[in-house]
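Participant: Dropping the sequence and predicted coords here.
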2 protein chains.
Amino acid sequence: MQSISLYTVYFENEIGNYSFPNSPENLYEPLKYFIEIGGKRIRPLLTLIASEMFGLPKENALQASLAIELFHNFSLIHDDIMDKAPLRRGKQTVHLKWNDDIAILSGDVLLIKAYQALAKQDARHIPALLDLFNRTAVEVCEGQQMDMDFETCDQVTIEAYIEMIRLKTSVLLGCALAFGAIVSDAPKKDRELIYAFGQNLGIAFQIQDDILDLYGDPEKFGKQIGGDIIANKKTLLLLKALELAQINPESKVEEMLLIQDNKVKIDTAKSMFDSLGVLSFAREQMSIYQDKALSALNDISVSTENKKTLIALSEYLFLREV
Amino acid sequence: MQSISLYTVYFENEIGNYSFPNSPENLYEPLKYFIEIGGKRIRPLLTLIASEMFGLPKENALQASLAIELFHNFSLIHDDIMDKAPLRRGKQTVHLKWNDDIAILSGDVLLIKAYQALAKQDARHIPALLDLFNRTAVEVCEGQQMDMDFETCDQVTIEAYIEMIRLKTSVLLGCALAFGAIVSDAPKKDRELIYAFGQNLGIAFQIQDDILDLYGDPEKFGKQIGGDIIANKKTLLLLKALELAQINPESKVEEMLLIQDNKVKIDTAKSMFDSLGVLSFAREQMSIYQDKALSALNDISVSTENKKTLIALSEYLFLREV
């Protein structure tokens, strides 16, 4: 077992060496900028860790891991346009620093560059990698569309919400891990299990994010606390609260959404969600998906020793107090 | 040799059967709409014709031809956003009929769907198809970026302009034809020759388009005559005129660009380009690339009989009087 930081150092070094052409400058400068501002690189790490877990040196899975990271960055650049986001990882988004047209086109190129990285893996693995990548990429777009649709949709069920986060964020974690299995020629069953591990871990992580947005420690969370509830964003918490409000009209969830003062709104939401049992519901949901993830990991036919890095990584992802 | 219309009927039928999922509706409805409004389908036809020219039934090249057409439509949807185009093929563009966000995201999915079609070809051809497709897709984006950059660039050389149209439109024709060669296991040399045929044909066609915009017969051209010069668009004609104006300051090209009355401007441009020799220069350039194309086609190691459909297609493309 290698420590997570070893994988991080390796990947940061490799992506640091990844180079874009110089021209046209307006196409490639935004990409250099965006890749450099970084992020946690969790997804490519999953590919590298999975590949070594199944016995293949991480170096042989590098291009597949780059494909995942480039794809992820493509989706962020385009999502930022749609979400009109001014900042990403504390820096100006591409569409603001340049403009929408440049963000569209450089995003497009980045998606193609992801396929270009994938094409550098062994030819015999390419059909399987390509199939999974295509399916995943379509799903990520479907998830983003559902997310946008939810903004203007009166009734979003918990089920639809979980499906949205599964598509928008979790399938890519499954894909990243399954890439490691594919390039290592792991058995089909293990490939499915590691995909399931990633997907369920992703859903649990996203639910954790919803909880932390309201209940997190501002120091540890790294984002403004209560941002979701201030924006009346349909998180798992709010959706559950709205669902309960239909049975219990006394609960005044709708009134809470109209509160103008941010601090009062956050405090009201917190105590309301507590008393309605919304927080415990969300924690329960998170546990369910964590358990599913760990159960899939447990069933994979490699030694426990070899699973340790992935276990450490999932513990790291859930370290933030919930 | 099969007639072009046989290929068209076959492809129209197949793309008519191509189906998108129903949900999310905002993601897939725009794509159904856009694919249905059609177009000449020249690019996928090239793949099918090339495949049969090299001895493989067109049915076996269908997915590769679909990939080309889906990619082409993706690039149109995104280009239309950047160009703020209200109409495409006489119908409302996706970004106007829906909105920019939907046009971005459904365009993204369409690009992925192109890769998904490609992945359905024989596994042994996928690495070669993928390599060429990736390279071409990147080039098309680079061409689009150059085209946008040229709008605000004072000095665009003829050479840079030809490079822009090569990337933006011609490499995809080369790729479409080379796809037919790859899936038919044609020799490498022939694959390169048919690519060169397509690329040069594309450049010649684009130059013809520049000429027809000003000198075409409105009935045959199908677009408003003079649209380019009214918008002071940097076509081959205008760039050559501006180049000549630097040597011959009497030529008053800059003054012509300021004319407000469209009819007067068109007539002035026409007689100015005639007398400056700009029209004959453009015709000459067009011939050069046509000759290059036909010479490459000539060198391909299949019988002249088998080349007849491609020859007919190139004649069809240049039928419009120049």
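Facilitator: Looks like it arrived, so ask away.

Participant: Show me the contact partners of stretch A:234-245.
Facilitator: Contacting residues not belonging to stretch A:234-245 are listed as A:150-151, A:156-158, A:161-162, A:207, A:210-211, A:213-214, A:228-229, A:232, A:251-254, A:269, A:272-273, A:276-279, A:281-282, A:285 [Cβ atoms under 8 Å, 6 or more residues apart in numbering or on different chains]. Backbone N, C-alpha and C define where each C-beta goes, glycine included.

Participant: That should have said stretch A:11-29, apologies.
Facilitator: In contact with stretch A:11-29 (Cβ under 8 Å, 6+ apart) are residues A:31-32, A:35, A:38, A:41, A:44-45, A:48, A:62, A:65-66, A:69, A:98, A:102, A:105-106, A:109, A:113, B:141-142, B:145-146, B:148-149.

Participant: at 7 Å instead, please
Facilitator: Counting contacts by Cβ atoms under 7 Å, 6 or more residues apart in numbering or on different chains, the residues outside stretch A:11-29 that touch it are A:31-32, A:35, A:41, A:44-45, A:48, A:62, A:65-66, A:69, A:102, A:105-106, A:109, B:141-142, B:145-146, B:149.

Participant: Can you mark which positions in it are buried?
Facilitator: Applying a neighbour-count criterion of 16 or more other Cβ atoms under 10 Å in any protein chain shown, one finds A:11, A:14, A:15, A:20, A:24, A:26, A:27, A:28, A:29 buried in stretch A:11-29.

Participant: quick one on the thing from earlier: tell me the buried residues within the contacts of stretch A:234-245.
Facilitator: A residue is treated as buried here by neighbour count (16+ other Cβ under 10 Å); on that basis the buried members of the contacts of stretch A:234-245 are A:150, A:156, A:161-162, A:207, A:210-211, A:213-214, A:228-229, A:251, A:253, A:269, A:272-273, A:276, A:278-279, A:281-282, A:285.

Participant: Filter those down to just the ones in helices.
Facilitator: Counting by DSSP state H, the buried ones among the contacts of stretch A:234-245 place A:150, A:161-162, A:207, A:210-211, A:213-214, A:228-229, A:253, A:269, A:272-273, A:276, A:278-279, A:281-282, A:285 in helices.

Participant: per-domain residue ranges of chain A.
Facilitator: Following the assignment in automatic domain parsing, chain A carries domains at A:1-185, A:187-322.

Participant: Next, the residue lying closest to residue A:272 once chain neighbours are set aside: secondary structure please.
Facilitator: Leaving aside its sequence neighbours, residue A:272 sits nearest to residue A:256 (Cβ to Cβ, 6 or more residues apart in numbering or on different chains; 5.8 Å). Reducing the assignment at residue A:256 to three states with DSSP: H, G, I helix; E, B strand; the rest coil gives helix.

Participant: Tell me where chain A has strands.
Facilitator: All strands of chain A, identified by DSSP state E, fall at A:87-88, A:91-92.

Participant: now those as a markdown table including mean pLDDT and mean neighbour count?
Facilitator: Shown next, in a markdown table, are the strands of chain A (pLDDT from 0 to 100; neighbours: other Cβ atoms under 10 Å in any protein chain shown):
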| stretch | mean pLDDT | mean neighbour count |
| --- | --- | --- |
| strand A:87-88 | 92 | 14 |
| strand A:91-92 | 95 | 15 |
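
Participant: how about those strands in a markdown table, adding distance to chain B?
Facilitator: As requested, these are arranged in a markdown table below (distance: least, Cβ to the nearest Cβ, whole Å):
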| stretch | distance to chain B |
| --- | --- |
| strand A:87-88 | 16 |
| strand A:91-92 | 19 |
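
Participant: Output those in CSV; the columns should cover distance to residue A:74.
Facilitator: Supplementary listing: the strands of chain A in CSV, determined by distance: least, Cβ to Cβ, whole Å:
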stretch, distance to residue A:74
strand A:87-88, 13
strand A:91-92, 17
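
Participant: Residue B:74: which of these is closest?
Facilitator: The closest approach between residue B:74 and any of the strands of chain A, judged by Cβ to Cβ, belongs to strand A:87-88 at 24.4 Å.

Participant: how much distance is there from the closest one to the middle of the chain?
Facilitator: Computed by Cα atoms, centre = their mean, to the nearest Å, the separation of strand A:87-88 from the middle of its chain amounts to 16 Å.

Participant: Tell me the strands beside it, with direction?
Facilitator: On the basis of DSSP bridges, the sheet neighbours of strand A:87-88 come out as strand A:91-92 (antiparallel).

Participant: Extract the residue ranges of chain A that are flagged as low pLDDT.
Facilitator: Along chain A, the model assigns pLDDT under 70 to residues A:1, A:221-223, A:319-322.

Participant: Which residues of it lie near chain B?
Facilitator: A:24, A:26-27, A:78, A:81-82, A:101, A:104-105, A:108-109, A:111-112, A:115-116, A:119, A:123, A:126-127, A:130-131, A:134, A:137-138, A:141-142, A:144-146, A:148-149 (Cβ under 7 Å from any Cβ of the partner chain).

Participant: Among these, which are located in helices?
Facilitator: Applying DSSP H to the residues of chain A next to chain B, the entries found in helices are A:26-27, A:78, A:81-82, A:101, A:104-105, A:108-109, A:111-112, A:115-116, A:126-127, A:130-131, A:134, A:137-138, A:141-142, A:144-146, A:148-149.

Participant: between the strands of chain A, which one is nearest to residue A:301?
Facilitator: Each of the strands of chain A was scored for nearness to residue A:301 using Cβ to Cβ, and the closest is strand A:87-88 (39.3 Å).

Participant: What count of nearby residues applies to residue A:115?
Facilitator: Residue A:115 sits with 26 neighbouring residues when counted by other Cβ atoms under 10 Å in any protein chain shown.

Participant: could you list every residue that touches the closest residue in space to residue A:46 that isn't next to it in sequence?
Facilitator: Spatial nearest neighbour of residue A:46, chain neighbours left out: residue A:176 (4.1 Å); criterion: Cβ to Cβ, 6+ apart. Under the criterion of Cβ under 7 Å, 6+ apart, the contact list for residue A:176 reads A:43, A:44, A:46, A:47, A:68, A:198.

Participant: Now do the same contact list for the third one.
Facilitator: Contact partners of residue A:46, counting by Cβ under 7 Å, 6+ apart, are A:173, A:176, A:177, A:180, A:198.

Participant: what's around the third one, how many residues?
Facilitator: Neighbour count of residue A:177, defined by other Cβ under 10 Å: 29.

Participant: And the first one, by the same measure?
Facilitator: Using other Cβ under 10 Å, residue A:173 has 25 neighbouring residues.

Participant: ok, the residue nearest to residue A:55 when sequence neighbours are not counted - how many residues close by?
Facilitator: Closest residue to residue A:55 in three dimensions, ignoring its sequence neighbours and counting by Cβ to Cβ, 6+ apart: residue A:184, at 5.8 Å. Counted with other Cβ under 10 Å, residues neighbouring residue A:184 total 20.

Participant: could you measure residue A:184 against residue A:194, distance?
Facilitator: Between residue A:184 and residue A:194 the computed distance is 10 Å (Cβ to Cβ, to the nearest Å).
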